[in-house]
Structures are given as C-alpha cells and as structure tokens.
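here's my sequence, what's the structure:
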Amino acid sequence: MRQPLVELRGIVKTFPGVVANAGIDLAIAPGEVLALLGENGAGKSTLMNILAGLYRPDSGMILFGGEPGDLHSPRDAIARGIGMVHQHFRLIDAFTVTENVLLGWYQPRFLLNTRADAARVARIAEDHGLAVVPQAHIWQLSVGERQRVEILKMLYRDARVLILDEPTAVLTPQEVTLLFTAMRRIARDGRSVVFISHKLDEVMAIADRIVVLRAGRVVGQTTPAETTPRVLAQLMVGHEVESRPRPASVPGPTVLEVEGVSVIGDRGNVALQDARLELRSGEIVGIAGVAGNGQRELAEAIAGLRPPGAGHVRLDGRDIGGLGPRQRWAAGIAYIPEDRLGEGLVGAFDVIDNAVLRDYWSPPISNGPFFKRARARAKAAGIVERFRVRAPDLEAPVRHLSGGNQQRLLVGRETWARPTVLVAMHPTRGLDVDATTAVHGYLHDLRAAGVAILLVSESLDELLAVADRVIVLHRGRIVGERQAAAATREDIGLLMAGGLA
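This is a model prediction of the structure:
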C-alpha cells in the first residue's frame, strides 16, 4: 500500500454505557474506494465522525501523510481535505441548493454572485451526474435530491478523502450507477473514497478494499476478489445469516381504497395525479419509482399528513378524508415516515418517550391527565427486546442511538399494536443485513396476521423479494402494476423511467 492519505491508530471512543470504538487501526490509501462494513452499532459512523472532526477520540491518534494531526472541528477536517456526507442531512430548508453548498465555506469572502455561484454548482453537479436545480429551495426537494446536495457540498470543497455514509440509500439503481462512476473518477484523481454501506452487492461492485467492523473492532479485511457476500454477512454479524422465504398468502377483502387522489406537492405542482389503488388484508403492495415521483405524497395522503386536492381515501369502506393523523392512527392506519428523525422520532427525547409518542394520551399509558411512566417504560422495554434495539438504557436520548437502532425503534413502535393498514416508507433504510432480514420477517408476520401493507422503497430487490404486487409511479401517475413473483428489475426499471414494459 502507498503512503496513506490518512491513518487512524488505536482509536478508542466510548459513550455512556457503550464502547463504540475499541482500539481501531485503519489506513486510507490514495486512489482507492474503501468499503467500511458492519452491523448497526458496530462503530462505523462513530469512527468516521472522529475523522470528520465531529467527535474527539478518547485515545489514539490520526496521521495525515504520516504526520500526527489534531482535529478539533469539521472545519479542521475539511482543511485537512476530509469531507463527510452524513446519513442525516445537514441542510437549511429555507436556503437554496447553491446557498447550502456555499454555507460555511470561505469563498466567496464577502459578496455572493448568485448567478456565477449557481453556475459553478450546476457544472459540478453535471460533471458528476448529480444534477439538481441550483435555485431550488431545500424544502422543495425530495430526500434523494437532498442527498445529492450533501454530496455536492463536499465535491465543491475539493475533499481529498470523501466519506459517504450510506449514500445510496435514497438512490435508484440508475443513480447508483452514476454515483459509482463519480466515485471511480474521484479515486483515479488520487483521492480516496470511504464508502459505508449495508448493501453487500454494491460493496462487491465498487470497493477496492473492504474492512469489516463488529462491536467496535476490526474483524476482517479483504477484497471483492477474495470474498463473497455470504462471507461478508457472516463477518458482520458473527453468525450465519438465515434468509426467510416469502410465505404464501391468500389476500382477504379490500380494506383501503385510494380513488382518484390528486395531491399538491411542496413546489405547488401536482405531485400525485388521479391515483387509484386497492389494498387488501394480508397482502404487501410495493410502490416503486424514482425519488420525487409522488411516492411521499401518496403515503402522506393515506396517513393524513397531506390533504388531497381531489379524490377519496376509504378505510373499510368509510371515507376518512376528514380525519387527521391521530384519528387515522386510532382508526388503524400506522405510518413509518421516510425521515426517521425529522418526522418519526424526537432526537432529544429518550427511548421511553419515543416509544409512546403515538399513544401517550390514551389508556393504558395515560389515565385522564395522568401519564403512567411505569406503563410507558414497560412498552418501551417490550419494543427494545422484540426488535433488538441496542440502547445503553431506556432513558438514553434517541439521538445517541445509531441510525439503524433508531429505525428499529420506529418500526417497533408503529407495528407494536397490530394495525389494519401499515404505510411503510423505506423501513429498512440504513439497516444492516441481519436487521433488514428481521424487518422483512416482521412485515411477513403482519401480512400473515391480516395486516394490509403499503411498502414504499427505492430498492427494487426489496420490493421484488417482499411485496406481492408492485405498483410503479412516474411523474405522479401510476403507470403500471406487476405481480412481484413474475416481475424483473428491468421490467420495473423501464416503467420507473417512463417507458412501456
């Protein structure tokens, strides 16, 4: 290996009740794509947050070009050429794409030249296949588009080591291909890319070297040519990962009807137009589409978060258009939003409070105006045990949990009391292979119990493996429906792109 751009030696980092990094050594060479693997809570993000200047290690050292260096802040890290794109976006909704890219950077020094700066951002975006509208405000963008802005921020700063924490979680297969092309171009320039992912097929496709973490330690180092996805999965979790085949199921009667629903999006446009679908008990219907094609608006219209401009939503034959989110939840509609911390959980609240956000006001958690903390704790403990949420204790703020454990808590809360309908937006986003298998098992268990599930995912592999039917959205319209068992990635992908399959 050539002289590393960055080398971490003996890195130790602990949090109350948790050893995140237990003496990790890691070298990052120029011109390589280094994949960092590990299950949720293995210490990957903590280690990279140390390298990005967000955390200070308890012990150990960081070397830059062979020389020890200290990082006191993200500004120090970017000055050293380290840029990190995080799972949770660090963007200001009221600002434009260009303003977010420039925010915190030393150029321009005094006055913005809006047109010239936007043009430069557009050039960088186009060069790397990450095109967004520079003048658009962040609040108008889909999750996938916001991810692209985060990547653009680091490319604008000319990072020598680019850390990507689950960057493909919101991308379509076509967008992943473009991102991988950009990553290869960056590596050819002598820079380094650290790619944190749970998608073993992507790691095998893009990585030059693979480092596996488990319980805060390095447990393996290999290359794609020397390993297999099965071996990597076993290294990550420490045991054989068993997949569950999709069980057979006979759907029951229709429980949810979406009839002629049109929804206005954040930009004032018609984001969903004349949507019509039925959801039966005991079936999983997948929703496929490129990010920003109406999936979020459809899910929010069903959950009561976004009123339709036209059409009707019926639950068990009853029009629920006049019901808000709380009333719809009480009627039997559970909802897993795509942004777990922005919409699903409160980072400053502890595990107990987050576990009862849906029903803190009703028996048995409350008795009139009196909140029963012991009962709330019992429910939280049950969710933590059943869904294997790793938390130092039930009073720990949820923001201290890893992204995967936050997602487990959210999935557990929404499915704890069996709903009639579950609307699940990307329920396995950010989960490792073991946890993803577990969540798929939970969905199949709910399906077997008669729950109707609407599964929105940008992973075609997930939809084809879990769903019974797949409905495809393109530019806000339903353009096709396929039985998952007979569909192919190419078939669904062509529909997603607006073609006829």
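
pull the number of nearby residues for the residue nearest to residue 475 when sequence neighbours are not counted.
Once flanking residues are discounted, residue 475 sits nearest to residue 293: 6.0 Å by C-beta to C-beta, 6 or more residues apart in numbering. Heads up, the C-betas are built off the backbone N, CA and C, glycines and all. Neighbourhood size, residue 293 [other C-beta atoms under 10 Å]: 25.

list the contacts of residue 293.
By C-beta atoms under 8 Å, 6 or more residues apart in numbering, the contact list for residue 293 reads 473-476, 496.

go again using 10 Å as the cut-off
Going by C-beta atoms under 10 Å, 6 or more residues apart in numbering, residue 293 touches 142, 144, 172, 271-272, 287, 472-477, 479, 496, 498.

quick one, phi psi at it?
With angles defined as degrees, to the nearest 10, residue 293 sits at phi -110, psi 20.

what of residue 34?
phi -100, psi 120.

burial check on it, number of neighbours?
22.

again, but for residue 396
Residue 396, neighbours per other C-beta under 10 Å, totals 17.

that one contacts residue 15, correct?
Yes - when contacts are counted by C-beta atoms under 10 Å, residue 396 is listed as touching residue 15 (8.9 Å).

from residue 423, how far off is the residue nearest to residue 475?
17 Å (C-beta to C-beta, to the nearest Å).

same check on residue 152?
31 Å.

what about the helices in the stretch 201-350 of the chain?
229-237, 295-303, 325-331 (DSSP state H, counting those that start in this stretch).

and the last one, what's buried?
For helix 325-331, the buried set under the neighbour-count rule, 16 or more other C-beta atoms under 10 Å, comprises 328-329, 331.

remind me what it packs against, helices and strands.
helix 295-303, strand 310-315, strand 333-336, strand 421-425 (3 or more C-beta pairs under 10 Å, 6 or more residues apart in numbering; DSSP states H and E).

could those go into JSON lines alongside distance to residue 98 and mean pLDDT?
Listed next are the helices and strands packed on helix 325-331 as JSON lines, based on distance: least, C-beta to C-beta, whole Å; pLDDT from 0 to 100:
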{"stretch": "helix 295-303", "distance to residue 98": "24", "mean pLDDT": "94"}
{"stretch": "strand 310-315", "distance to residue 98": "35", "mean pLDDT": "96"}
{"stretch": "strand 333-336", "distance to residue 98": "33", "mean pLDDT": "96"}
{"stretch": "strand 421-425", "distance to residue 98": "28", "mean pLDDT": "96"}
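
columns distance to residue 119 on top of the ones you listed, output as CSV?
Below are those laid out as CSV (distance: least, C-beta to C-beta, whole Å):
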stretch, distance to residue 119
helix 295-303, 30
strand 310-315, 39
strand 333-336, 39
strand 421-425, 35
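
so for residue 213, which of the ones you listed sits nearest?
Among those, the nearest to residue 213 by C-beta to C-beta is strand 333-336 (27.1 Å).

with respect to residue 249, which of the buried residues of helix 325-331 is nearest?
Ranked by distance to residue 249 (C-beta to C-beta), the buried residues of helix 325-331 are led by residue 331 at 23.7 Å.

okay if I get the helices and strands packed on helix 325-331 as JSON lines plus mean neighbour count?
What follows is the helices and strands packed on helix 325-331, written out as JSON lines (neighbours: other C-beta atoms under 10 Å):
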{"stretch": "helix 295-303", "mean neighbour count": "25"}
{"stretch": "strand 310-315", "mean neighbour count": "17"}
{"stretch": "strand 333-336", "mean neighbour count": "24"}
{"stretch": "strand 421-425", "mean neighbour count": "25"}
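
quick one: which of those is nearest residue 249?
strand 421-425 (14.8 Å).

okay, now the unreliable bits of this structure?
By pLDDT under 70, the low-scoring segments of the chain are 1, 108-111, 129, 142-144, 169-174, 240-247, 430, 499-501.
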